[in-house]
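Visitor: Just need the structure, nothing else, for what follows:
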Amino acid sequence: FFSSLLMAEFNDGGDHGAKENFRHDTTLTPGKIFVGGLSSDTTEQDMKDYFGAYGAMTDVVVMKDKVTGNGRGFGFVTFADVKVADRVVAARHEIRGRSVECKSAVPRPADEIGGGRGG
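Guide: Residues are numbered from 1 along each chain as shown. Presented below is the predicted three-dimensional model:
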């Protein structure tokens, strides 16, 4: 049951790649950055177009609401070269007219996974 629930979280119609079968990645991925402050209509193609100017990417994901399909305001980009990711994190960025924040992606500990909706 639990694994099917996790799969349902990612069954939002986006192309997350075969390795994106779980809602939360608990392993550190070198070159992966968090991108926050995205507009709800930002697409994965917008992210590819923008961040592609910095270097080769191995994965791009815009997180979407599983019910509405609207963007949740954040996503992840994984660069092939860790040094490129470091340069991106150090710079300021604007995508679709909005200033966005880029940080190195740090996996959440297993005990913090759940989205804060329980209680």
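
Visitor: Just checking, which helix or strand succeeds the helix or strand bottoming out on mean pLDDT in the chain along the chain?
Guide: The least trusted helix or strand in the chain, going by mean pLDDT, DSSP states H and E, turns out to be helix 2-10, with a mean of 35. Sequence-wise, the next helix or strand downstream of helix 2-10 (DSSP states H and E) is strand 32-36.

Visitor: Rounded mean pLDDT for stretch 101-119, please.
Guide: In this model, stretch 101-119 has a mean pLDDT of 73.

Visitor: Equivalent analysis for stretch 72-87, please.
Guide: The average pLDDT within stretch 72-87 is 97.

Visitor: which of the residues in it are buried?
Guide: G73, F74, G75, F76, V77, T78, F79, V84, A85 (16 or more other Cβ atoms under 10 Å). Placement of C-beta: from N, CA and C, glycine included.

Visitor: I'd assumed F51 was in contact with the fourth one.
Guide: No. Shown here, F76 and F51 do not form a contact pair, counting by Cβ atoms under 8 Å, at 10.7 Å.

Visitor: shared neighbours of the two, anything?
Guide: V60 (Cβ atoms under 8 Å, 6 or more residues apart in numbering).

Visitor: A85 contacts F76, doesn't it?
Guide: No. If you go by Cβ under 8 Å, A85 and F76 don't touch, sitting 10.9 Å apart.

Visitor: what do these two both touch?
Guide: K32, I33.

Visitor: Let me know the pLDDT of the nearest residue to R98 once chain neighbours are set aside.
Guide: Nearest residue to R98 in three dimensions, chain neighbours excluded: S39, at 5.2 Å (Cβ to Cβ, 6 or more residues apart in numbering). pLDDT recorded at S39 is 95.

Visitor: What count of nearby residues applies to S39?
Guide: Look at S39: counted by other Cβ atoms under 10 Å, it has 14 neighbours.

Visitor: Since that was my last question, I'll sign off now.
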